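In: Next input, structure requested:
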Amino acid sequence: MNTLLRDLKISINEGIYLKDPQSTDLGRRIIQHSIELIDEIGFEDFTFRKLGNRIKSNESSLYRYFENKHKLLVYLTSWYWGWKEYQLVFTTNSISDPKNKLIKAIEVLSEVVKEDNKFEHINEVSLNNIIINDSAKSFLTKNVDKENKEGYFQTYKRLVNRLREMILEVNPKYPYPSSLASNIIDGSIHQHFIITHFKSLHEYEEYKKPSDFFVDMVDKILN
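Out: Purely as a prediction, here's the structure:
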């Protein structure tokens, strides 16, 4: 089983990249070190020149994989949502009770991220920091509608739809399942941002976590 899981590949829309970074050693190094560098200095200060210096590669070689750093960020966020989708499906697959399945899904989506050794070139903890601090920059652009039509955000949308279906299994008559699903996913990111940066704006203590809030909220809404 572990061998099979190590062979798992998160599929990303081919329009996001020029050359699949998962197909070469350099491409995997680009992904690995871009995650580390963006986590260290932030997306605004990140450049391909700085990344090239870090991995001892010409800046031009990076542009063979990604047209610009925006496309790289879209790739990283897409990979993250694909990884979360894999976790969601794998963790809830054997749960038959709809309510318990939804609770587990919420826990998966809002838990503190731990490093997953199935993907050696990805530090999921650092990537999660990028999602918390910078993921909105992947779609808050003038080109969002064009990129949406081209399928750049299909992985995220697919994850929302999976959670939507779980919500409807609990309460088929609930009128806003997509809105609730996207708010759980996006809200969990925001709550982790609040925990890190605005400590006076939350009630989480050592024995409480964001999933407790979302489970409580969803239980009240759907019942």
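In: Who are the packing partners of the longest helix along the chain?
Out: For the chain, the longest helix by residue count, based on DSSP state H, is helix 69-92. Here helix 69-92 touches helix 25-41, helix 98-110, helix 124-134, helix 154-170, going by 3 or more C-beta pairs under 8 Å, 6 or more residues apart in numbering; DSSP states H and E. Placement of C-beta: from N, CA and C, glycine included.
In: Nearest approach to H192 belongs to which of the ones you listed?
Out: Among the helices and strands packed on helix 69-92, the nearest to H192 by C-beta to C-beta is helix 124-134 (5.1 Å).
In: Need the three-state assignment for P175.
Out: coil (DSSP: H, G, I helix; E, B strand; the rest coil).
In: That one: neighbouring residues, count only.
Out: 7 (other C-beta atoms under 10 Å).
In: who's in contact with it?
Out: The contact partners of P175, taken as C-beta atoms under 8 Å, 6 or more residues apart in numbering, number zero.
In: Can you list phi and psi of it for me?
Out: phi -80, psi -10 (degrees, to the nearest 10).
In: Could you tell me how far it is located from I167?
Out: 11 Å (C-beta to C-beta, to the nearest Å).
In: do D216 as well
Out: According to C-beta to C-beta, D216 and I167 sit 15 Å apart.
In: swap in W79?
Out: 25 Å.
In: do L37 as well
Out: Taken as C-beta to C-beta, the span from L37 to I167 is 37 Å.
In: Between these two, which has more neighbouring residues?
Out: I167 (23 against 20).
In: pLDDT score assigned to the more buried one?
Out: On pLDDT, I167 comes in at 98.
In: ditto for N2
Out: 41.
In: for L201, same thing?
Out: According to the model, L201 scores 84 on pLDDT.
In: Please work out how many residues are found near it.
Out: Counted with other C-beta under 10 Å, L201 comes out at 9.
In: Kindly report the same for Y204.
Out: So Y204, with other C-beta under 10 Å, has 15 neighbours.
In: Just the element for it, please.
Out: Of the helices and strands defined by DSSP states H and E, none includes Y204.
In: Now do the same contact list for it.
Out: Per C-beta under 8 Å, 6+ apart, neighbours of Y204: 191, 195, 210, 213.
In: Out of the helices and strands in this protein, which is least certain?
Out: Counting by mean pLDDT, DSSP states H and E, the chain has its least confident helix or strand at helix 2-6, which shows a mean of 42.
In: average pLDDT for stretch 18-35?
Out: 97.
In: For it, buried residues please.
Out: By 16 or more other C-beta atoms under 10 Å, the buried positions in stretch 18-35 come out as 21-22, 26-35.
In: which regions of the chain sit below the pLDDT cut-off?
Out: 1-8, 207 (pLDDT under 70).
In: Max pairwise distance over the contacts of Y204: which two?
Out: I195 and F213 (11.1 Å).
In: Reformat the helices and strands packed on helix 69-92 into TSV and put distance to E14 next to each item.
Out: Below are the helices and strands packed on helix 69-92 laid out as TSV (distance: least, C-beta to C-beta, whole Å):
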stretch	distance to E14
helix 25-41	13
helix 98-110	26
helix 124-134	21
helix 154-170	11
